[in-house]
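In: whatever this is, show me its structure:
(4 chains)
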Number of protein chains: 2
Amino acid sequence: MQTKECPEDICEQLCEHPQIICIAKKESISDHEAQQVAEIFKLLGDPTRVKILQALTKRELCVCDIAAVIEMGQSAVSHQLRLLRNARLVRYRREGKMAWYSLDDEHVRSLLSQGIDHIKHR
Amino acid sequence: MQTKECPEDICEQLCEHPQIICIAKKESISDHEAQQVAEIFKLLGDPTRVKILQALTKRELCVCDIAAVIEMGQSAVSHQLRLLRNARLVRYRREGKMAWYSLDDEHVRSLLSQGIDHIKHR
DNA sequence: ACAACATATGAATATATGTTCATATGTTAG
DNA sequence: CTAACATATGAACATATATTCATATGTTGT
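Out: So this is what the prediction gives:
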C-alpha cells in the first residue's frame, strides 16, 4: 500500500478531505490487483461466456456440443474457450478429435452462481 | 427452459450428442438471464470501477475524494459512477454541493471480495 | 446577483472486444 | 494415402467501452 503519512494539520474545509483520502488510499488495492480482479470479472461479463460456463457447471462438454447448446457457431465458441482456457477458468482434455471442456475453478462456479442469484433476487 | 423432448433414438455416433445437448439445453439459462448476469460482471470487469467499488466497501465517499483516492479525473469517475448507479450497485445521496456514494448491494460486496480472494489464492 | 465550487453530461477519440469467414491443424476410418 | 471430421486460429469488421475536454447544472457564501 501507500507509505505516505496522513497530515492531520491540513485544512479540512476542502472538498478533498485529506485525512479520508489518505486513509482510503492506504486501504485501496494496487493498480495491478485491480487489473487482475477486473480481468476475471471481464471474462464473466459476456453472455456467451456466461452460457458456456453455466453449461459446464453441470457436466463436461465437447466444443461442438457447447456450440449446439448455446446456439452459436463453432468458431465463436472456440475463440471464447481459448480466453477461458488462458485464464484457467476451464480445463480441457483432448480425446481423439474431440476436446472436452470442464470448469477448472471452484471460485468461478461460486462466482457464477452468486451472479445468477443476484439477478434472481431483485 | 426448453420444452422440446429428448429423442433417445437418434444415432449416437455423431459429434453432436443429441441426448446430452438436449438435457444441457433444458438446464441452461435463458438468453435474457445470461445477458443480465453478464451485465453485472461487466460492471465489475473494469479496473477503475473495481477500485471505486473497493474504496466504497470501507466507507462512504464523495466524488472528488474517490477521484483523489483512485487517482483519476473527476469526469472519468463521474461517468463510471453513473454506470454503477444505474445498475444500483452504488447508492448516492446529495449533501449540498457534494454527492456521497456508498455500496448499495451486499451481493456486490461479496462478489468483489470473492474476486479479490480469487486472485490472491493462486 | 455573482463567484467559486462539486458534480454531471455530451461529444469526440482511441482502444478493446465479439463474431464471422476462411483456412490450418490434427485425428480417425476406410 | 485420402476423405471426413473436430477443433483452433488469423484477419477483417462492426460494435462497445473508457477517458478526456468542454461545458452545463445546481449549490453555497458574500
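In: how about the residues of chain A by DNA strand C?
Out: A:14-16, A:42, A:45-49, A:72-73, A:75-76, A:79-80, A:83, A:94, A:96-97 (C-beta under 7 Å from any atom of the strand). Where you see a C-beta, it was placed from the backbone N, CA and C, and this is true even at glycine.
In: taking chain A, what residue is nearest to DNA strand C?
Out: Taking C-beta to the nearest atom of the strand, DNA strand C has its nearest neighbour within chain A at A:Cys15, 2.3 Å off.
In: which SS class is that residue?
Out: Look at A:Cys15: counting by DSSP: H, G, I helix; E, B strand; the rest coil, its state is coil.
In: now do the helices in chain A.
Out: Per DSSP state H, chain A has helices spanning A:18-27, A:31-44, A:47-58, A:63-70, A:74-86, A:106-120. These are given in chain order.
In: with mean pLDDT added, can I get these in a markdown table?
Out: A markdown table is the format used below for these (pLDDT from 0 to 100):
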| stretch | mean pLDDT |
| --- | --- |
| helix A:18-27 | 93 |
| helix A:31-44 | 98 |
| helix A:47-58 | 98 |
| helix A:63-70 | 96 |
| helix A:74-86 | 98 |
| helix A:106-120 | 94 |
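In: so can I have JSON lines of those helices showing distance to DNA strand D?
Out: Converted to JSON lines, the helices of chain A look like this (distance: least, C-beta to the nearest atom of the strand, whole Å):
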{"stretch": "helix A:18-27", "distance to DNA strand D": "17"}
{"stretch": "helix A:31-44", "distance to DNA strand D": "9"}
{"stretch": "helix A:47-58", "distance to DNA strand D": "11"}
{"stretch": "helix A:63-70", "distance to DNA strand D": "3"}
{"stretch": "helix A:74-86", "distance to DNA strand D": "3"}
{"stretch": "helix A:106-120", "distance to DNA strand D": "16"}
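In: adding mean neighbour count and distance to B:Gln36, write those helices out as TSV.
Out: Formatted as TSV, those follow (neighbours: other C-beta atoms under 10 Å in any protein chain shown; distance: least, C-beta to C-beta, whole Å):
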stretch	mean neighbour count	distance to B:Gln36
helix A:18-27	17	31
helix A:31-44	19	12
helix A:47-58	22	9
helix A:63-70	22	16
helix A:74-86	15	19
helix A:106-120	17	4
